[in-house]
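**Student:** fold the following for me, if possible:
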Amino acid sequence: QVQLVESGGGLVQAGGSLRLSCAASGSIFRLNAMGWYRQAAGKQRELVAAITSGGSTNYADSVKGRFTISRDNAKNTVYLQMNDLKPEDTAVYYCNADNLLTKTFRYLEVWGQGTLVTVSS
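**Tutor:** Below is the predicted model of the structure:
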C-alpha cells in the first residue's frame, strides 16, 4: 500500500560524504514527519535526524554539523546528506515516515528496508 525505498548507501573512507535518499510511493495523501534512523551491529536503533512537514529539523548530537536532512514534498522524498563521515557512523540506515496519511485516511508508521553505510578508517 505504501512503500519507502532508500538508496545511496555504500562504502566510503573516513572524511568522505554520502547522500541517502528515501522515496515514498503508494496510496499517500500526505507525508508528515520523516526521519532517518540507524542501527549499528549489536546496538539499538537510534534517531539520526528528523524533519517535519514544515521543514523543522532536529539531529542527534553525534551528527550535528555533519549531517543535513531535507525533503522535497513534490517528490515525496527525504534526503540525508552526510559529510565528514566517521567509522562510528557505520550502520544500516532506515527511513521512517511517522503519521503518514493514506488516501483512505488511515494514519500509518512506515519503515524502509534499510541501506548499509560503511565508513572505513
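**Student:** distance of the residue in the chain sticking out farthest from the centre from residue 31?
**Tutor:** Residue farthest from the centre of the chain, counting by Cα atoms, centre = their mean, is residue 104 at 25.1 Å. For residue 104, the distance to residue 31 equals 15 Å [Cβ to Cβ, to the nearest Å]. Where you see a C-beta, it was placed from the backbone N, CA and C, and this is true even at glycine.
**Student:** wait, a helix at the residue farthest from the centre of the chain?
**Tutor:** No. Using DSSP: H, G, I helix; E, B strand; the rest coil, the secondary structure at residue 104 is coil, not a helix.
**Student:** so what's the predicted local confidence for it?
**Tutor:** According to the prediction, residue 104 has pLDDT 93.
**Student:** how about residue 41?
**Tutor:** For residue 41, pLDDT reads 96.
**Student:** now it, what's its secondary structure?
**Tutor:** Under three-state DSSP, residue 41 comes out as coil.
**Student:** residues in contact with it?
**Tutor:** Each residue near residue 41 by Cβ atoms under 8 Å, 6 or more residues apart in numbering is listed here: residue 91.
**Student:** let's see 10 Å
**Tutor:** 90, 91, 92 (Cβ atoms under 10 Å, 6 or more residues apart in numbering).
**Student:** out of these, who has the most neighbours?
**Tutor:** residue 91 (22 neighbours; other Cβ atoms under 10 Å).
**Student:** hmm, that one is touching residue 18, no?
**Tutor:** No. Between residue 91 and residue 18 there is no contact under Cβ atoms under 10 Å: 12.0 Å.
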